[in-house]
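In: sequence below, structure please.
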Amino acid sequence: MFDRVLVLRASAGAGHVRAAQAVEKAFHELGAAREIRHVDTLDYTNKVFRRLYSKAYLDMIRNAPAVLGWLYDKMDRPWKRERRRLAFDKLNTRPFVKMLRRHQPDIVVCTHFLPAEIISWLKAKERLAARQAIVITDFDVHAMWLCHHFEHYFVALDETREHLVKLGIPAETVTVTGIPIDPVFCEDKDVGKMRRKQGLRRRATTILISAGGFGVGPIEHLMRSLFELKHPAQIVAVCGRSAELKRRLEALVARVSHGRRLSVKVLGYTTEMDELMTAADILVGKPGGLTTSEALAKGLVPVIVNPIPGQEERNADHLLEEGAAIRCNNLPVLAYKIDRLLDDEKRFAAMQRNVRRLARPRAAFDIVRKLLSLHGG
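Out: Predicted coordinates:
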């Protein structure tokens, strides 16, 4: 058991936050530490830096995804520009360093590269004795995640582990666990009960549309496309935190005739995503690392639409290569592609098997158990 555990994330996108929450829950449920703190690194930075990391990131997703993709590829130069980036981060994270030195944890688990980089620097200067574990929250690994001073990496795929090893990370310090998701996604829930609870029909293909935790994405265009489905289906559209998007989508559903073969339910932000995923057959949306891992855990076949250039493009590549997803690059043919998939029962069943093969619903617990074994129990 650990005395003091510090779980660190940065609230730039919802995935890093959810991964940190999952690890924290696993520590609690396993009774693996006497004291567990979960901290947003950006709370210990100045306002300008905080805005750069959070709001600017979301603004680029909404308004300039191509630029974000260009930056992602431009900065993916392993072991390059480390000093320049570290100097910038050190200048803006002095309160964070003070917090670390005051708290003196036994181990720090990072679900974002910003705290991982600062801790690596502190360890190099022998100003922090804590062990560091780094949890990569996408299927691929970007150069920003690379550190010299750490104890262990946790990754989603065997290929990602091999990539790190080729970049010089010792093989014995990398474990394939999957991406940590909330332990609630491990629970075996009955599909019929969940459909009944959510007001859905028991026997109908159920399509879940996720706009992400912040309501980002072309969900209205998605819905118009899905109205053309020939297969009978029920659609659940989750609009995230955007009340305006929810109102617009409800108005669209009320205004546009989509026939008796389709029923549509529009939701805002929800804490019942595990139940909705249990009730669904297909997930339509962007392939973020956390959302995708949750969907795989619940056996959903992803239909990938508009991935963010960079990390989500790479996530999509892995899913497609494993035969666990389809991708639609042109929204007008979205219904056509889903209809074709549903027409071919053998293909759809094979994709469901591939989804189950890739799923790692207990990743958070596997991470904590590995850390305990490295600690000596």
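
In: can you show me the strands along this protein?
Out: Shown for the chain, the strands assigned by DSSP state E span residues 2-9, 33-40, 107-110, 131-135, 152-155, 174-176, 205-210, 233-238, 262-267, 282-285, 301-305, 326-328.

In: how about TSV for the ones you listed, with mean neighbour count and distance to Arg77 added?
Out: In this view, the C-beta of every residue, glycine as well, is placed from N, C-alpha and C. Below are the strands of the chain laid out as TSV (neighbours: other Cβ atoms under 10 Å; distance: least, Cβ to Cβ, whole Å):
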stretch	mean neighbour count	distance to Arg77
strand 2-9	22	24
strand 33-40	17	28
strand 107-110	27	21
strand 131-135	25	19
strand 152-155	25	19
strand 174-176	18	20
strand 205-210	23	32
strand 233-238	23	37
strand 262-267	19	41
strand 282-285	24	30
strand 301-305	23	27
strand 326-328	18	27
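
In: want to throw the ones you listed into TSV with mean pLDDT and distance to Met194?
Out: Putting those into TSV (pLDDT from 0 to 100; distance: least, Cβ to Cβ, whole Å) gives the following:
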stretch	mean pLDDT	distance to Met194
strand 2-9	94	29
strand 33-40	93	29
strand 107-110	96	31
strand 131-135	97	29
strand 152-155	98	30
strand 174-176	98	30
strand 205-210	94	10
strand 233-238	94	11
strand 262-267	91	13
strand 282-285	95	15
strand 301-305	96	17
strand 326-328	97	24
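
In: distance to Arg18 for those - can I get that in TSV?
Out: Formatted as TSV, the strands of the chain follow (distance: least, Cβ to Cβ, whole Å):
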stretch	distance to Arg18
strand 2-9	9
strand 33-40	12
strand 107-110	14
strand 131-135	12
strand 152-155	15
strand 174-176	20
strand 205-210	13
strand 233-238	14
strand 262-267	18
strand 282-285	15
strand 301-305	17
strand 326-328	23
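
In: max-length helix in this structure?
Out: The helix that spans the most residues within the chain, counting by DSSP state H, is helix 14-30.

In: give the buried residues for that helix.
Out: For helix 14-30, the neighbour count (16 or more other Cβ atoms under 10 Å) marks 14-27 as buried.

In: looking at those residues, which is nearest Lys246?
Out: Ala14 (17.2 Å; Cβ to Cβ).

In: for that closest one, give its distance to Val108.
Out: 21 Å (Cβ to Cβ, to the nearest Å).

In: likewise for Thr93?
Out: Distance, Thr93 to Val108, by Cβ to Cβ: 14 Å.

In: what does Pro307 give?
Out: The span separating Pro307 from Val108 equals 31 Å under the rule Cβ to Cβ.

In: follow-up on the earlier one: got the contact list for the longest helix of the chain?
Out: By Cβ atoms under 8 Å, 6 or more residues apart in numbering, the residues outside helix 14-30 that reach it are 5, 7-11, 32-33, 36, 38, 40, 109, 111-112, 135, 137-138, 179-183, 212-214, 288-291, 363-365, 367-369, 372.

In: which stretches of the stretch 51-200 of the chain have low pLDDT?
Out: For the stretch 51-200 of the chain, residues meeting the criterion pLDDT under 70 lie at 53-56, 81-92.

In: recalculate using a threshold of 90.
Out: The model of the stretch 51-200 of the chain has pLDDT under 90 over residues 51-104, 114, 117-119, 121-129.

In: for it, which segments count as helices?
Out: Counting by DSSP state H, counting those that start in this stretch, the segments of the stretch 51-200 of the chain that form helices are 55-63, 65-75, 82-92, 94-103, 113-124, 158-166, 191-197.
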